[in-house]
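K.L.:
turn this into a model:
(one chain, ligands or ions: 3)
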Amino acid sequence: MPRRTLDSLVTQVASELMGVDATTMVAASERVLSWLIEHFDVDTSFLRHTDRDRRASILIAEWPPRPVVPDPDPLQVTYFDSSDSVFSALEHAIEPMVVRPGPQYDDYQQTIRQSTGVAAVSVAAVPLVSRGEPTGVLGFVKEGDREWSTRELNVLKAIAALFAQLQARVVAEERLRYIAMHDDLTGLVNRRALLEHMEERLRAGNAGPVATFFLDLDRLKALNDFLGHTAGDNFIRSLSTRLRENLDPADMIARLGGDEFVIVPAKPMDAESAGMEATRIQQLIGRRVTVGEETVSRGASVGVALGIPGETTVSDVLRRADHALLSAKSSGGNGVAVFTDAMRAQFELQDDVELNLRSAVSDGSLVLHYQPEVDLRTGRVVALEALVRWQHPTRGLLPPGAFVGVAEATNLAGELGRWVIRTASEQFALWRRRGLASNVVIRINVSPVQLVSLDFVETMEGILRRYGIDGSSVCLEITEHVVVQDLARTQVTLRGLKRMGVQIAIDDFGTGYSSLSHLKALPVDAVKIDRGFVQRLGASADDLAIVKSIVGLAGSFGLGVVGEGVETTVAARTLVALGCYRAQGFLIARPMPAEEVEEHLASGRIALDLDLPGTSRSVLPGPS
Ligand code: C2E
Ligand code: CA
Ligand code: CA
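P.N.:
Residues are numbered from 1 along each chain as shown. Ligands and ions are numbered 1, 2, ... in the order given. Okay, the predicted model is just below:
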């Protein structure tokens, strides 16, 4: 290092410390100390920070490094009130202190003698001062005696001021970082800190599996609503404290906001121990908490997922845990669910569907199958229900259950629905032109989302006009729960459809909550009895009673009634006996591609051997 003049020394130190932050502070400080001891020809130097709350001085850097550092290091943290007179004086000093051999600081010299064997030392201690307050000290020690000139001390004061600035900046940065990483209600870490931590834990080569618990308080909203938001906040704070106190200090507990918490235990664990730990936490949270005057308790649901370092990404683990949480909640809440292979399969399918469904709607990989509906007494085909399928590039032919829900959740329901209506209408018009299906109704399922969209009636009208289909040949099927959800909006749409003569049927009837009084308010033509009831008609007296009452009610309201899911001759015969003649089901015909359905349309009938009372054969096979 080039020999510096006293003044250029300050400039050099200033430029060295300029770009320093918390991570480089120690190394840069050591570098500066090394220059200083050389320049001032002393033996050792140190930089310490004053922690005013703890009334302690903390070692930041020293030079040269001590050859042996005891553990614990007595120099690391020194309390002002339990140290020698020199150190005690430094707690409040804002001017440099010089100690030289002699009687004034005898106790100090004695301490030095005892710990180092050096008879006497000379020390210059220069306080770091920030806004008039001492925030640390820069110190130099030389064996024996040394004089410190005012000029030297002034230079050291200038350098101490630079260190003081650096420290203030680092403290501010750390404070900012703390704020950026913590939740202000609970002091727990926040989402950002959680993501950073998980990123680190899931890095290849780290110990795994890394368990992740997604935690959600059941019905917290009710607490906020009835006891007020302060009570809700206090409740969350108490729970946070309880978690902190009962978990390993190394475990990460993050609050993502609201009543959502994520816990990442420090210890790697397999699915079984993760499930046990999650259950322990779940029970911990379920215990009562006193909030003001009230004692409240809230159940919690916990979703558990495991991440394998180097394999699983942070967002995958979190999504899996969230998925497991949903499953815990949907099975009643107040429980724990571990992400399983079945959930994974379902999850992957859902991802895939979300990713590819939009293009499927336009690239021709959707197909419609048609399931005939017959009059059980004659076997005559009275309707065809269009049922959508997706010819998936890798997963084969997917049933609507695998993707219609996703479409509804991702704003694709409208597009998918229009495709279904257009395709079914086009096919139906084609059959009609070829003289097939003239007395047959085409049944089309519509999503709730479609029904409340404002232009649905117009869209429908446009399609019917384009293919030259009269409204009365079309029956739209809507599920029962939708009807109840938005009665007013649905009513408007249904009336519009009625004006075109379009028929409306309530699908899956019996599973929802609509009383028939609701139905009275809607222009509905028919109900389709849910297949769950029909399937067990031979076996369950309850189901028999339900079907009987549905048929009776439909009759008294003047509604048509269709039995779905007829799988056995017993079911078919029972329906006929109850007066429900129209039916659909695997016994009669499965849903099939358009080409296959043409044969049935050509004959107009489907052969059934139901051996109904009063006829020797209920249905004559072949065209009549
Ligand atoms: P859904 O409207 O109740 O349709 C009848 C479902 O029952 C069809 O299932 C059909 O294959 C099945 N099925 C028919 N007969 C029997 C039987 O005897 N036994 C049994 N176990 N099942 C029978 P699929 O095709 O899987 O459709 C499921 C649901 O998906 C449909 O129930 C409907 O709600 C919905 N869906 C189908 N196509 C569409 C569509 O184009 N748009 C909308 N929004 N939903 C559709
Ligand atoms: Ca249907
Ligand atoms: Ca149905």
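K.L.:
so who does residue 123 touch?
P.N.:
Contact partners of residue 123, counting by Cβ atoms under 8 Å, 6 or more residues apart in numbering, are 86, 97, 98, 99, 100, 139, 140, 141, 142. The way it works is simple: take the backbone N, C-alpha and C, and place the C-beta from them, glycine included.
K.L.:
can you name the next helix or strand after whichever strand or helix holds it?
P.N.:
Per DSSP states H and E: residue 123 is located in strand 121-130. Of the helices and strands lying after strand 121-130 in sequence (DSSP H and E), the nearest is strand 133-143.
K.L.:
what lines up beside that next one in the sheet?
P.N.:
In the sheet, strand 133-143 lines up against strand 44-51 (antiparallel), strand 121-130 (antiparallel) (DSSP bridges).
K.L.:
the helices in the stretch 451-600 of the chain, which residues?
P.N.:
Counting by DSSP state H, counting those that start in this stretch, the stretch 451-600 of the chain has helices at residues 456-467, 480-485, 487-499, 516-521, 531-535, 541-557, 569-578, 594-603.
K.L.:
ligand 3: which of the ones you listed is closest?
P.N.:
helix 531-535 (6.2 Å; Cβ to the ion).
K.L.:
report the distance from stretch 597-611 to the chain centre.
P.N.:
In this view, stretch 597-611 has its centroid 51 Å away from the chain centroid, taken as Cα atoms, centre = their mean, to the nearest Å.
K.L.:
which positions in it come out as buried?
P.N.:
Of the residues in stretch 597-611, 597, 598, 600, 601, 603, 604, 605, 606, 608, 610 count as buried by neighbour count, 16 or more other Cβ atoms under 10 Å.
K.L.:
what count of nearby residues applies to residue 191?
P.N.:
For residue 191, the count of nearby residues is 16 (other Cβ atoms under 10 Å).
K.L.:
spell out which residues of the stretch 301-450 of the chain are next to ligand 2.
P.N.:
residue 445 (Cβ under 5 Å from the ion).
K.L.:
now do the contacts for the residue in the stretch 301-450 of the chain positioned nearest to ligand 2.
P.N.:
Closest contact between the stretch 301-450 of the chain and ligand 2, by Cβ to the ion, is at residue 445 (4.6 Å). By Cβ under 8 Å, 6+ apart, residue 445 lies in contact with 385, 386, 387, 388, 420, 476, 477, 507.
K.L.:
contacts for stretch 330-341, please.
P.N.:
218-219, 271, 274-275, 278-279, 282, 286, 299-306, 320-321, 323-325, 327-328.
K.L.:
could you redo the last one with a cut-off of 6 Å?
P.N.:
218, 271, 275, 278-279, 282, 299, 301-305, 320, 324, 327-328 (Cβ atoms under 6 Å, 6 or more residues apart in numbering).
K.L.:
before we move on, what about stretch 413-421?
P.N.:
For stretch 413-421, using Cβ under 6 Å, 6+ apart, the contacting residues are 361, 388, 407, 444, 447, 449, 450, 463.
K.L.:
among those residues, which ones are in helices?
P.N.:
361, 407, 449, 450, 463 (DSSP state H).
K.L.:
by pLDDT, rank those and give me the bottom one.
P.N.:
Among the ones in helices among the contacts of stretch 413-421, residue 449 carries the lowest pLDDT, at 80.
K.L.:
nearest residue to that residue in space, please, no chain neighbours.
P.N.:
residue 413 (4.1 Å; Cβ to Cβ, 6 or more residues apart in numbering).
K.L.:
ligand 3 contacts on this structure?
P.N.:
Counting by Cβ under 5 Å from the ion, the chain sits next to ligand 3 at 507, 508, 564.
K.L.:
ligand 2 next: which of these are close?
P.N.:
residue 507.
K.L.:
go back to the residues of the chain next to ligand 3 and keep what's next to ligand 1.
P.N.:
Here is what survives when those are matched to ligand 1 using Cβ under 6 Å from any ligand atom: 507, 508, 564.
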